[in-house]
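> What follows is a protein structure lacking sequence information:
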C-alpha cells in the first residue's frame, strides 16, 4: 500500500470526481487517517498557540454559560428549576455536548473556504478538511470530560448503567456532524449566504433542544411540543450522554429516531459532497 501524504493520492483517485461511490470515498478517507490525525494536531496547536490557559478556554465558555443559566433559574427565579438536581451539573453536561455540536457545525461549514489553497493544491480527499474540524472539536470535548467527573465527585453523584451507552452517544454525534459538515461545506462555497444563516439556525436549535431544561419539563407543561424532540437529531446524543447521571433523560423512542435521522443526514452529506465536489473546486 502506498504511503499517504498531502501530495500523493491513492491509486485510482481522480481529483474532483463525483463518480466514486460512497464506499470508495469512505475507504479513501480511511487510507488517509494518519494525515487526518496530523491535521487535527496542527489545528489544535495553532488554536492554542501563545495562549497561557491553553485548552482551558475550551471548557471556560460552556462553564460560564452554565453558571449564567444556573444563576438565573436557581437564584433569580428560585422555583421550578427546569432540570434535574444538581442543576449546575445538568447544565454543564448539556453545554459541553452542545459546544461540540455548535463548534463542529460552524467549523465544518467553513472548512473548504478557510483552507481553500490547501484544498486546491493538495491531493488528499477533500472530506478530510471537513472531518478535521469535527475531530478537533471532539478532542476538545473529551478534554472537557474531567470537569463532569469533578462535579460528580463534589455532588457525590453516581453514574447509572447508562454510562455503557455513552460511547454510542459520541458515535451518533460524530455521524451527525460528519453528515452536516459534508452537506454544508460545499453549499457554503456555492451559496455564500449560508454562512450567515447557520448561526441563526444554531441559535434556534439550541432553545429547541433540552440543554438548559429537561425533557420532562416540556413533556409536563407543553406535551404537544414533544414531537420536536423526535425530529431533532441533536436530542438523542445529548439525552443519552446525560442519562449517565440523570436516567430520567433516557428516552428510547427519541434516541432511535435521532439515530435514524443521523444516518440519513450522513448519507445525504456523502451524496451531496460527491456531487458538488468538482463544482466547488472551480469556485474555491
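Nice, I can see it. All values derive from a computational prediction rather than experimental measurement.
> so where's the protein shaky on pLDDT?
1-19, 50-54, 78-79, 222-224 (pLDDT under 70).
> For the spatially most central residue of it, give its distance to residue 170.
Against the mean C-alpha coordinate of the chain, by C-alpha atoms, centre = their mean, the closest residue is residue 101 at 2.9 Å. Distance, residue 101 to residue 170, by C-beta to C-beta, to the nearest Å: 12 Å. (Glycine included, C-beta is placed from N, CA and C.)
> Could you pull out the residues contacting both of those two?
Listed as contacting both residue 101 and residue 170 by C-beta atoms under 8 Å, 6 or more residues apart in numbering are residue 237.
> all helices for the stretch 1-150 of the chain, in order.
22-31, 33-48, 56-70, 87-114, 116-121, 127-154 (DSSP state H, counting those that start in this stretch).
> count of neighbours near residue 250?
When neighbours are counted by other C-beta atoms under 10 Å, residue 250 registers 18.
> quick one: residue 20 and residue 112, what's the gap?
Residue 20 is 18 Å from residue 112, by C-beta to C-beta.
> My error: substitute residue 240 in the last question.
31 Å.
> For residue 126, grab phi and psi.
Taking degrees, to the nearest 10, you get phi -60, psi -20 for the backbone angles of residue 126.
> Tell me who's in contact with it.
Counted by C-beta under 8 Å, 6+ apart, residue 126 has contacts 112, 119, 273, 277, 280.
> What is the most widely separated pair among those residues?
Between any two of those, the greatest separation by C-beta to C-beta is 12.4 Å, found for 119 and 273.
> before we move on, the earlier item: using a markdown table, lay out the contacts of residue 126 together with neighbour count.
As requested, the contacts of residue 126 are exported to a markdown table (neighbours: other C-beta atoms under 10 Å):
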| residue | neighbour count |
| --- | --- |
| 112 | 26 |
| 119 | 21 |
| 273 | 26 |
| 277 | 23 |
| 280 | 22 |
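> neighbours around the closest residue to residue 130 other than its chain neighbours, how many?
Once flanking residues are discounted, residue 130 sits nearest to residue 181: 4.2 Å by C-beta to C-beta, 6 or more residues apart in numbering. If you count neighbours by other C-beta under 10 Å, residue 181 ends up with 28.
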